[in-house]
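J.: What shape does this take:
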Amino acid sequence: MKEFDTYIFDLDGTLLSTLNDLAASTNYALRWAGMPERTIEEIRMFVGNGVKLLMERAIPNGINNPKFEETYAKFREHYLEHNLDTTCPYEGIPALLRELKRRGKKLAIVSNKFYAATQDLAKHFFPDTIKVAIGERETIRKKPAPDTVLEALRQLGASKEGAVYIGDSDVDIMTAKNCGLPCISVLWGFRDKDFLIQHGGTIFVNKPADILGE
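T.: All right, here's what the predicted structure looks like:
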């Protein structure tokens, strides 16, 4: 595996195992609204484009449902309180980040999760290794637009040359392409290898240490 100067990571499904908490908040909101709940596997395929689109996919008739905004608000309210209930780093991730930092690499998180939750999770789990964490907000286009990655590079004082983007989904592959960056696709996240190959994935890792070439 080539060594890079700057490593920009997706969050959900890449650094953190968040699916159970996302599913719990989704189904809490659906129950509140009297709507049918969703299975873990359904929610696994709904995530990756931000929580609003997650809820559009989970709610019958999506954004056209008259109770959409209320139900989405219930999701956000619940998730901000419960996003640490079961969420944790994947095995090997803390050690990977520590080693990259020891080697003097620049590190950032770029997520389609809303901004407050992205910041909270980064500070909670990676306070000593990742200082730049960018989430979804009104003033910047979310992935797969390149804007959040370019903002991360700006905050890091890093150039695209020598940078790599690391994620677990088709959205991440498209994001890297739109930024002109190579993409490492991890195989422990929300999408499997066949799916990622179909969506243009070319570099794969089975465990975090593989990113170090170990």
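
J.: use CA for all of it now, contacts and neighbours both
T.: Will do.

J.: Flag the shaky bits of the protein, pLDDT-wise.
T.: 214 (pLDDT under 70).

J.: if you go through it in chain order, where are the strands?
T.: Using DSSP state E, the strands found in the chain span residues 6-9, 16-17, 88-89, 106-114, 132-136, 163-167, 183-186, 203-205.

J.: What is the distance between stretch 159-168 and the centre of its chain?
T.: The chain centre lies 15 Å from the centre of stretch 159-168; the measure is Cα atoms, centre = their mean, to the nearest Å.

J.: Quick one: end-to-end distance for it.
T.: One end of stretch 159-168 sits 23 Å from the other (Cα to Cα, to the nearest Å).

J.: mind listing what's buried in that stretch?
T.: Residues of stretch 159-168 classed as buried: 160, 163, 164, 165, 166, 167, 168 (neighbour count, 16 or more other Cα atoms under 10 Å).

J.: what's the answer for stretch 142-155, then?
T.: Residues of stretch 142-155 classed as buried: 142, 143, 144, 145, 146, 147, 148, 149, 150, 151, 152, 153 (neighbour count, 16+ other Cα under 10 Å).

J.: Could you dump the strands of the chain into JSON lines with distance to residue 176 added?
T.: Shown next, in JSON lines, are the strands of the chain (distance: least, Cα to Cα, whole Å):
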{"stretch": "strand 6-9", "distance to residue 176": "10"}
{"stretch": "strand 16-17", "distance to residue 176": "19"}
{"stretch": "strand 88-89", "distance to residue 176": "22"}
{"stretch": "strand 106-114", "distance to residue 176": "11"}
{"stretch": "strand 132-136", "distance to residue 176": "15"}
{"stretch": "strand 163-167", "distance to residue 176": "6"}
{"stretch": "strand 183-186", "distance to residue 176": "6"}
{"stretch": "strand 203-205", "distance to residue 176": "12"}
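
J.: For residue 33, which of those is the nearest?
T.: Closest to residue 33 of those, according to Cα to Cα: strand 106-114, at 21.9 Å.

J.: and the closest one with strand 163-167, angle?
T.: Interaxial angle of strand 106-114 relative to strand 163-167 (axes from the mean of the first three to the mean of the last three Cα atoms, to 10 degrees): 40 degrees.

J.: Pull the residues that contact strand 106-114.
T.: 5-12, 48-51, 100-101, 118, 122, 129-137, 142-143, 148-149, 152, 156, 158 (Cα atoms under 8 Å, 6 or more residues apart in numbering).

J.: Next step: these restricted to helices.
T.: Of the contacts of strand 106-114, the ones assigned to helices by DSSP state H are 51, 100, 101, 118, 122, 148, 149, 152, 156.

J.: Can you tell me how far the third one is from residue 126?
T.: Yep, that's residue 101 we're talking about. Distance, residue 101 to residue 126, by Cα to Cα: 11 Å.
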